[in-house]
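Novice: take this sequence and fold it.
(4 chains)
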Number of protein chains: 2
Amino acid sequence: MPPRPGLTTERLVDVASTLIEREGPNGLSLARLAKEVGVKTPSLYNHIAGLQGLQRQLRLRGLDTLAETLSRAAMGRAGKEALVAVANAYRDFAKQQPGLYTLTLRSTEENDADIQQAGRRVVEVVLAVLRGYGLEGEDALHATRYLRSTLHGFVSLEIGEGFGLELSPSDTFDCILDALDHSLSTSFRRDK
Amino acid sequence: MPPRPGLTTERLVDVASTLIEREGPNGLSLARLAKEVGVKTPSLYNHIAGLQGLQRQLRLRGLDTLAETLSRAAMGRAGKEALVAVANAYRDFAKQQPGLYTLTLRSTEENDADIQQAGRRVVEVVLAVLRGYGLEGEDALHATRYLRSTLHGFVSLEIGEGFGLELSPSDTFDCILDALDHSLSTSFRRDK
DNA sequence: ACCGTCAAACTAACGACCTTAGTTTATTCG
DNA sequence: CGAATAAACTAAGGTCGTTAGTTTGACGGT
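Specialist: You can find the predicted model right below:
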């Protein structure tokens, strides 16, 4: 049906996701993507809605694989074991695809139903972990924000600057998880 | 000395910092900045080293004012009181200048001595707060990363998407500070 | 086996932006 | 009052993203 190359949206997002790791989230351009797949730039518009559309697709893929990775890690575990597994899965995802992670967590400026739903799937996994701590209702929501904040903050800083120093980030991460486990076990019961 | 406008690097950074709030970190362009101060784009190069140089100056200013804001908040306080004051100052800074905050915390890719030093000044304030908890040595370094991760993660998420829902972010922040205080008071003693 | 259809590629062109090189101009200092 | 200097300017080149309009080639039905 198509004259020659036979592109698909899928393939473009594939190639773009490798590009974003090589060049960083800001180095991603339609020009480079087009060159990479052997096509002129305007041809891309048959498959994606411009640069914004491409970024949106990447964010969507990032959220989807993140949600799946996390739920896999949570399966069959509970309590601190689940917390540790999910947290490490989160960190590994960010470290293996820092470009995609960074783009995914960038503020979107526009309320996009699909993206919001994909984001909700991630939050749900975190909520499930907290259920193992007996947290529900408002407490669980506060705790979810706490957990997300800590995880996102840690991996952002680790990706961004590597924390400098020669102190092992993994050791720090373990300390943080101990502290989180302790907080979730005790101080997040409604006692305000 | 100058023919007409009499620009300075200072003034350019001033105007750029207002621009970055109106347009977001990605909306900042030399073209807009030039128009704003009534000058042609190339003239800017007499005062700043291109777009990268401008962003570097903004990051520098962001780190400097952040460090000063935090040390002001920490002055004369100790323990939980210091923690709460510094944390709120951090959050307020990010909320009042989200564009500058975002740009400041973006990974820089290049090891710039001035920027690294400015960043160190921020870390030192945090370290000082932790000294009030009796933390020193490796423990203090781990704890600093914990604190920075949580603060940065929370304000990033809050700036980015507002956390959705109608649950008050301020309430969550208070919960988080309680949990942090508790962790720092107990579980960060060397007991691994 | 042919032809029309249709999607996917292309070319052409515009506008925004960053950057460099070379030129003008006004102020200040000797 | 004249020359030096620093800050503005014009001109020009390059990269991008995007839109509009054109070509092309594979597929389905007659």
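Novice: contacts, neighbours, all on C-alpha from now
Specialist: Noted.
Novice: for A:Ser149, which non-adjacent residue is closest in space?
Specialist: With CA to CA, 6 or more residues apart in numbering or on different chains as the criterion, A:Ser149 has its nearest non-adjacent residue at 4.1 Å, and that residue is B:Gly153.
Novice: what's the angle from the one helix or strand the one you found maps to to helix A:137-161?
Specialist: If you go by DSSP states H and E, B:Gly153 is part of helix B:137-161. Using axes from the mean of the first three to the mean of the last three CA atoms, to 10 degrees, the direction of helix B:137-161 lies 110 degrees away from that of helix A:137-161.
Novice: tell me the buried residues in helix B:137-161?
Specialist: Residues of helix B:137-161 classed as buried by neighbour count (16 or more other CA atoms under 10 Å in any protein chain shown): B:139-160.
Novice: counting by contacts, list what it packs against.
Specialist: helix A:137-161, helix A:169-185, helix B:79-96, helix B:113-131, helix B:169-185 (3 or more CA pairs under 8 Å, 6 or more residues apart in numbering or on different chains; DSSP states H and E).
Novice: might you report the residue contacts of the residue of chain A found nearest chain B?
Specialist: Per CA to the nearest CA, A:Gly153 is where chain A lies closest to chain B, at 3.6 Å. By CA atoms under 8 Å, 6 or more residues apart in numbering or on different chains, the contact set of A:Gly153 is B:148-154, B:156.
Novice: try it again with 7 Å
Specialist: A:Gly153 makes contact with B:149-150, B:152-153 under the criterion CA atoms under 7 Å, 6 or more residues apart in numbering or on different chains.
Novice: now do it, the pLDDT please.
Specialist: Per-residue confidence (pLDDT) for A:Gly153: 98.
Novice: what's the answer for A:Lys192, then?
Specialist: 46.
Novice: could you do A:Asp171 as well?
Specialist: On pLDDT, A:Asp171 comes in at 96.
Novice: what about it, how many neighbours?
Specialist: Neighbourhood size, A:Asp171 [other CA atoms under 10 Å in any protein chain shown]: 11.
Novice: for A:Asp181, same thing?
Specialist: A:Asp181 has 17 nearby residues by other CA under 10 Å.
Novice: so, low pLDDT: which residues of chain A?
Specialist: The model of chain A has pLDDT under 70 over residues A:1-5, A:187, A:189-192.
Novice: just to revisit the earlier point, can I get the helices and strands packed on helix B:137-161 in a markdown table with distance to DNA strand C?
Specialist: Below are these laid out as a markdown table (distance: least, CA to the nearest atom of the strand, whole Å):
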| stretch | distance to DNA strand C |
| --- | --- |
| helix A:137-161 | 22 |
| helix A:169-185 | 34 |
| helix B:79-96 | 24 |
| helix B:113-131 | 19 |
| helix B:169-185 | 34 |
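Novice: mind putting those in JSON lines, distance to A:Lys40 included?
Specialist: JSON lines is the format used below for those (distance: least, CA to CA, whole Å):
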{"stretch": "helix A:137-161", "distance to A:Lys40": "33"}
{"stretch": "helix A:169-185", "distance to A:Lys40": "43"}
{"stretch": "helix B:79-96", "distance to A:Lys40": "42"}
{"stretch": "helix B:113-131", "distance to A:Lys40": "40"}
{"stretch": "helix B:169-185", "distance to A:Lys40": "47"}
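Novice: so for A:Leu44, which of those sits nearest?
Specialist: Across these, A:Leu44 has its closest neighbour in helix A:137-161 (30.5 Å, CA to CA).
Novice: just want the angle from that closest one to helix A:113-131.
Specialist: Computed by the same axes, to 10 degrees, the angle separating helix A:137-161 from helix A:113-131 equals 110 degrees.
Novice: now do helix A:137-161: distance to the chain's middle.
Specialist: Centroid separation between helix A:137-161 and its chain, computed with CA atoms, centre = their mean, to the nearest Å, is 12 Å.
Novice: with stretch A:169-181 instead?
Specialist: The answer for stretch A:169-181 is 19 Å, by CA atoms, centre = their mean.
Novice: contact partners of it?
Specialist: Identification of contacts with stretch A:169-181 by CA under 7 Å, 6+ apart yields A:80, A:84, B:142, B:146, B:183, B:187.
Novice: mind picking the two most distant members of the residues you listed?
Specialist: A:Lys80 and B:His142 (20.0 Å).
Novice: so A:Phe76, which of the three states?
Specialist: Just so we're on the same page, residue A:76 is Gly rather than Phe. Following DSSP: H, G, I helix; E, B strand; the rest coil, A:Gly76 is assigned to coil.
Novice: residues near it, how many?
Specialist: Neighbours of A:Gly76 under the rule other CA under 10 Å: 9.
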